[in-house]
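Asks: Output the structure for:
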Amino acid sequence: MKKFTLLTALLMLLALAVSAQAEEAKQYAEPRIAVGMGYNAMYDPSDARDYAMLFGSILFDYDQVWPHAAPAPLYFRVEGGLGASTEKNAKLHATANMFAVYYLDEWFPSWAKAGVKPYAEAGVGLLYRDYTVDGQGLRINFSPQIGLGTDVQWNEDITTYFSVRLHHSSNAGLNSDNRGTNGVLFQMGYYY
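Replies: Now for the predicted structure:
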């Protein structure tokens, strides 16, 4: 457990260090810190466990982190999560993810004026589960993910987010037993 909490912290520190070295002349939006919770419903295979998680993330202007020009609505999110399966004999679940997040304001301008900012996201993560499904050789797996979400600004001080993600996890052939798992994550949270 300590290794994966440490991995999440290291990913966040790396993102902060890279952003600190960005061009000073360019005006970037302030990084946004969020906390959230989620529920993951596993749909394949049948012996995979559903789980609940707590998340922490930082959202940056994309070109503040990566050294090339990017469209204005493109952002970069670094996220860590810790949770447990929902069965009686709960098992640990930890994850560290990174996402490209593209805000769809120009597609929904009237929504944006009302404080609703939908987005699409795609990324990859590392995850650890304290169990395996039949045919899954490792507890550490890679997790490509795609999703849709929205930020909702209720007033100047309160902004929340809601998202749904599809994700797959497998060990990418690092073990000959590579049965993947698939799930849907429902997430909500609050920006500071």
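
Asks: can you list contacts of stretch 45-56?
Replies: With CB atoms under 8 Å, 6 or more residues apart in numbering as the test, stretch 45-56 has contacts from 8, 12, 33-42, 79-87, 91, 93, 95, 129, 131, 133-134, 179, 181, 183, 187, 189. Using the backbone N, CA and C atoms, a C-beta is placed for each residue, glycine as well.

Asks: And these, which of them are buried?
Replies: The neighbour-count criterion (16 or more other CB atoms under 10 Å) marks 8, 12, 34, 36, 38-40, 42, 79-83, 85, 91, 93, 95, 129, 133, 179, 181, 183, 187, 189 among those as buried.

Asks: so of those residues, which ones are in strands?
Replies: Judged by DSSP state E, strands contain the following of those: 34, 36, 38-40, 42, 79-83, 85, 93, 95, 129, 181, 183, 187, 189.

Asks: Okay, now the unreliable bits of this protein?
Replies: Within the chain, the ranges that satisfy pLDDT under 70 run 1-27.

Asks: can you pull out the strands in it?
Replies: Under DSSP E, the chain gives strands at 32-44, 51-61, 74-85, 92-103, 116-129, 140-153, 159-169, 181-191.

Asks: Paired strands for the last one, with orientation please.
Replies: If you go by DSSP bridges, strand 181-191 pairs up with strand 32-44 (antiparallel), strand 159-169 (antiparallel).

Asks: how about a markdown table for those, with distance to residue 51 added?
Replies: Listed next are those as a markdown table, based on distance: least, CB to CB, whole Å:
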| stretch | distance to residue 51 |
| --- | --- |
| strand 32-44 | 5 |
| strand 159-169 | 12 |
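
Asks: can you tell me which of those strands comes nearest to residue 116?
Replies: Closest to residue 116 of these is strand 159-169 (CB to CB; 10.2 Å).

Asks: got the buried residues for the closest one?
Replies: So, applying 16+ other CB under 10 Å, buried residues of strand 159-169: 159, 161, 163, 165, 167, 169.

Asks: So the fifth one sits against residue 186, correct?
Replies: So the one you mean is residue 167. No - look at residue 167 against residue 186 with CB atoms under 8 Å: they stay out of range, at 11.8 Å.

Asks: any residues in contact with both of these two?
Replies: Joint contacts of residue 167 and residue 186 (CB under 8 Å, 6+ apart) are residue 40.

Asks: got the contact list for residue 101?
Replies: 59, 74-77, 119-121.

Asks: Using TSV, lay out these together with neighbour count and distance to residue 48.
Replies: Shown next, in TSV, are these (neighbours: other CB atoms under 10 Å; distance: CB to CB, whole Å):
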residue	neighbour count	distance to residue 48
59	23	29
74	16	32
75	23	31
76	23	29
77	21	25
119	22	27
120	16	25
121	20	23
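
Asks: between these, which is nearest residue 151?
Replies: Relative to residue 151, and with distances defined as CB to CB, the nearest of those is residue 119, at 7.2 Å.

Asks: State the distance from residue 37 to residue 150.
Replies: 17 Å (CB to CB, to the nearest Å).
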